[in-house]
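Visitor: No letters, just coordinates:
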């Protein structure tokens, strides 16, 4: 529509004719039915995702069974997953560094409620896991040990999908399982969760 | 730089509940906004600008609702500004509104924060499965529970301190007519025996999922005095405001006591001329969505030495009749419309200073702290309000 029908243009609420802001009450006929308050409908969205250079390196690494971190020039901290920059220094990461695969549980909780199809049967352990050589931790689930025997500082390794089933996604690592190595003292894990 | 003085002269809240099915989203906001205007003895015509905040849009499934809210609020033609800082947004929104006055731009600003959790599924929103991102298959509690475990390990706190916090806050909520949860039958044992969700967090130690809105009218000095003269209620003067943030993932970061939080507190106390917060602050409304965050924030904010926060809770010092009452309103553990939860802390601090908190009023509050945090424990917003002009 081009020109407005109303030559006066926008009008303030006070200028509106009486009654324009009141509506007749909604009439709902008496039906012998349960009132519907909520409807659940499945929805699908098809999209193409472009992860960027740093994420692409990381995700391709997972497909090859390697955990690849990133480091800024002259820095010591290796970030995994890399986002292309060191968040403390504010500098671009320039170097790809393989970390892990062995790792340490830096923090965890025991989950007793399920969250969708991807979650293991409850109770299970959701943990922050620091791959050897990395400055920070990844999220993962720890299986292969009773949930009440998981410890802060426990040593673990990733369990990979068979190579033929891998794609460039986080799902390449299905979970983490304990390895027979002494625990890392918890005090050494501060700042690396 | 001389900032204009700013004060809270009007506060309005909705009743918080799981489902406010009787009102639409704009209806919910109008309820809070018009209560705040009535409290300030003003009308929408007196308002120069509106500043709103809520949690990320996917929590409600309504994109950019602020685009139609000027109409819905009856604030057509007024500047309307939205703030985004995840769970701390209610606090940040109040601070942005205050800065509109402090900068000398506006005399009277209406600020609003809300969430209608019933129209969506925030738990799902925090755990949606996309294959190219890290999966936290455990929701918000699963994110924070490991840090609580680590706090318990470091401090050696007895494992029932969280139970004591939840019990205290839910009992305080019985004195607050706006609180979502009014659990008259609650006991120590009922909290302790409640279902374990994210060990070490039990069901009764987590915040509810609420609908609700909160609003405040902030005014410059002369406007605040005029409003107070008309309403007969003293203003709550803003004595300090501060925001800080830090990256979610950074080497050296301490999620148990984030540096952004302690620096934010130090800044806001310095602005208010406070050298000993425990002595100079009369009550605190802090953002405690999971019970253990009370002792954790007591340490982070500087009310207790590192490792000792739980002792303040355990000995009753944070109860209504303690020397540092915390969350007299019932806190986030009793009402959690996410986007509003931070602003409710700020508004409750102002209510206490104005001596208008009703049954949960603490006697003689001269200075109170409002605190909010959000994201991965990385965004912080705080203010100190008091009976005296800064």
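Guide: Happy to help now that I have it. Just so it is clear, the structure is predicted and the values come from calculations on it, not from any experiment.
Visitor: What is the burial count for residue 98?
Guide: Going with chain A. Counted with other Cβ atoms under 10 Å in any protein chain shown, residues neighbouring residue A:98 total 14. To be clear about C-beta, it is placed using only N, CA and C from the backbone, and glycine gets the same treatment.
Visitor: my bad, the chain I had in mind was chain B
Guide: Neighbour number of residue B:98 under other Cβ under 10 Å is 24.
Visitor: Can you list the buried residues in the helix or strand harbouring it?
Guide: Counting by DSSP states H and E, the element that carries residue B:98 is helix B:89-102. By neighbour count on 16 or more other Cβ atoms under 10 Å in any protein chain shown, the buried set for helix B:89-102 is B:89-102.
Visitor: Return the closest of these with respect to residue B:31.
Guide: Nearest to residue B:31 among the buried residues of helix B:89-102: residue B:90, at 16.5 Å, using Cβ to Cβ.
Visitor: mind checking how far the closest one is from chain A?
Guide: Distance of residue B:90 to chain A, computed by Cβ to the nearest Cβ, to the nearest Å: 26 Å.
Visitor: contacting residues for that residue?
Guide: Residue B:90 is in contact with B:53, B:113, B:214, B:339, B:340, B:341, B:342, B:343, B:344, B:345, B:346, B:372, counting by Cβ atoms under 8 Å, 6 or more residues apart in numbering or on different chains.
Visitor: pLDDT score assigned to the fourth one?
Guide: pLDDT recorded at residue B:339 is 95.
Visitor: Which strand or helix spans it?
Guide: Secondary structure from DSSP H and E places residue B:339 in helix B:338-353.
Visitor: mind checking how far that helix is from the chain centre?
Guide: The chain centroid and the centroid of helix B:338-353 are separated by 5 Å under Cα atoms, centre = their mean, to the nearest Å.
Visitor: what angle sits between that helix and helix B:89-102?
Guide: With axes from the mean of the first three to the mean of the last three Cα atoms, to 10 degrees as the basis, helix B:338-353 and helix B:89-102 are set at 60 degrees to each other.
Visitor: Whatever helix or strand comes next after helix B:338-353 packs against which elements?
Guide: Remark: after helix B:338-353, the chain's next helix or strand is strand B:367-374, criterion DSSP H and E. Contact here means 3 or more Cβ pairs under 8 Å, 6 or more residues apart in numbering or on different chains; DSSP states H and E; on that basis strand B:367-374 packs against helix B:89-102, helix B:259-271, strand B:283-285, helix B:338-353, strand B:379-386.
Visitor: correct me, but residue B:140 touches residue B:126?
Guide: Yes - judged on Cβ atoms under 8 Å, residue B:140 makes contact with residue B:126 at a distance of 5.3 Å.
Visitor: Pick the most buried one from the helices and strands packed on strand B:367-374.
Guide: Across the helices and strands packed on strand B:367-374, averaging neighbours per residue (mean count of other Cβ atoms under 10 Å in any protein chain shown) puts helix B:338-353 on top, at a mean of 31.
Visitor: Next up, the contacts around the most centrally placed residue in chain A.
Guide: Residue closest to the mean C-alpha point of chain A, counted by Cα atoms, centre = their mean, is residue A:139 at 8.3 Å. Taking Cβ under 8 Å, 6+ apart, we find residue A:139 in contact with A:126, A:127, A:128, A:129, B:134, B:135, B:136.
Visitor: And for residue B:7?
Guide: B:218, B:219, B:221, B:224, B:235, B:236, B:237, B:238.
Visitor: Kindly state the beta-bridge partners for it.
Guide: In this structure, residue B:7 bridges to residue B:219, residue B:237 when assessed by DSSP bridges.
Visitor: what pLDDT does it get?
Guide: Listed pLDDT for residue B:7 reads 98.
Visitor: ok, now residue B:57?
Guide: Looking at residue B:57, its pLDDT stands at 89.
Visitor: ok, now the one 4 residues further on?
Guide: The model reports residue B:61 with a pLDDT of 82.
Visitor: Next: residue B:280.
Guide: We have a pLDDT of 97 for residue B:280.
Visitor: quick one: the helices in chain A?
Guide: A:53-63 (DSSP state H).
Visitor: shaky segments in the chain?
Guide: In the absence of a named chain, chain A is used. Counting by pLDDT under 70, chain A has low-confidence residues at A:1-28, A:115-117.
Visitor: Not quite, go with chain B.
Guide: For chain B, applying pLDDT under 70 flags the ranges B:1, B:124, B:127-129.
Visitor: Show me where it has its helices.
Guide: Secondary structure of chain B (DSSP H): helices located at B:25-39, B:66-73, B:89-102, B:122-125, B:139-155, B:161-173, B:188-192, B:221-231, B:259-271, B:277-280, B:293-300, B:309-314, B:338-353.
Visitor: would you turn these into CSV with distance to residue B:359?
Guide: What follows is those, written out as CSV (distance: least, Cβ to Cβ, whole Å):
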stretch, distance to residue B:359
helix B:25-39, 18
helix B:66-73, 30
helix B:89-102, 23
helix B:122-125, 30
helix B:139-155, 30
helix B:161-173, 10
helix B:188-192, 22
helix B:221-231, 21
helix B:259-271, 28
helix B:277-280, 25
helix B:293-300, 21
helix B:309-314, 22
helix B:338-353, 12
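Visitor: Endpoints of stretch B:57-64, how far apart?
Guide: Distance between the two ends of stretch B:57-64: 7 Å, counting by Cα to Cα, to the nearest Å.
Visitor: what about stretch A:133-147, distance to the chain center?
Guide: Centroid separation between stretch A:133-147 and its chain, computed with Cα atoms, centre = their mean, is 15 Å.
Visitor: sorry, back to before: next, the angle helix B:259-271 makes with the helix holding residue B:98.
Guide: Angle, helix B:89-102 to helix B:259-271, by the same axes, to 10 degrees: 40 degrees.
Visitor: Enumerate every residue touching residue B:156.
Guide: Counted by Cβ under 8 Å, 6+ apart, residue B:156 has contacts residue B:307.
Visitor: Could I get the full set of strands for chain A?
Guide: Assigned by DSSP state E, the strands in chain A fall at A:67-72, A:85-86, A:91-99, A:103-111, A:124-131, A:138-142, A:155-160, A:173-178.
Visitor: Nearest to chain A: which residue in the stretch 251-390 of chain B?
Guide: Per Cβ to the nearest Cβ, residue B:251 is where the stretch 251-390 of chain B lies closest to chain A, at 3.7 Å.
Visitor: Let's check: the centremost residue of chain B is which one?
Guide: residue B:342 (2.5 Å).
Visitor: Next, work out how far apart it and residue B:95 are.
Guide: Applying Cβ to Cβ, to the nearest Å, the value for residue B:342 to residue B:95 is 10 Å.
Visitor: tell me, what's touching those two both at once?
Guide: residue B:381.
Visitor: how about residue A:31, phi and psi?
Guide: Main-chain torsions, residue A:31, degrees, to the nearest 10: phi -120, psi 140.
Visitor: Quick one: neighbours of it, just the number.
Guide: Residue A:31 has 7 neighbours, counted by other Cβ under 10 Å.
Visitor: ok, now the one 10 residues further on?
Guide: Residue A:41: 4 surrounding residues under other Cβ under 10 Å.
Visitor: Residue B:321 now?
Guide: With other Cβ under 10 Å as criterion, residue B:321 counts 9.
Visitor: Then the one 3 residues further on?
Guide: Applying other Cβ under 10 Å, we find 20 other residues in the vicinity of residue B:324.
Visitor: got the contact list for it?
Guide: So residue B:324 contacts B:278, B:281, B:283, B:284, B:303, B:312, B:317, B:318 (Cβ under 8 Å, 6+ apart).
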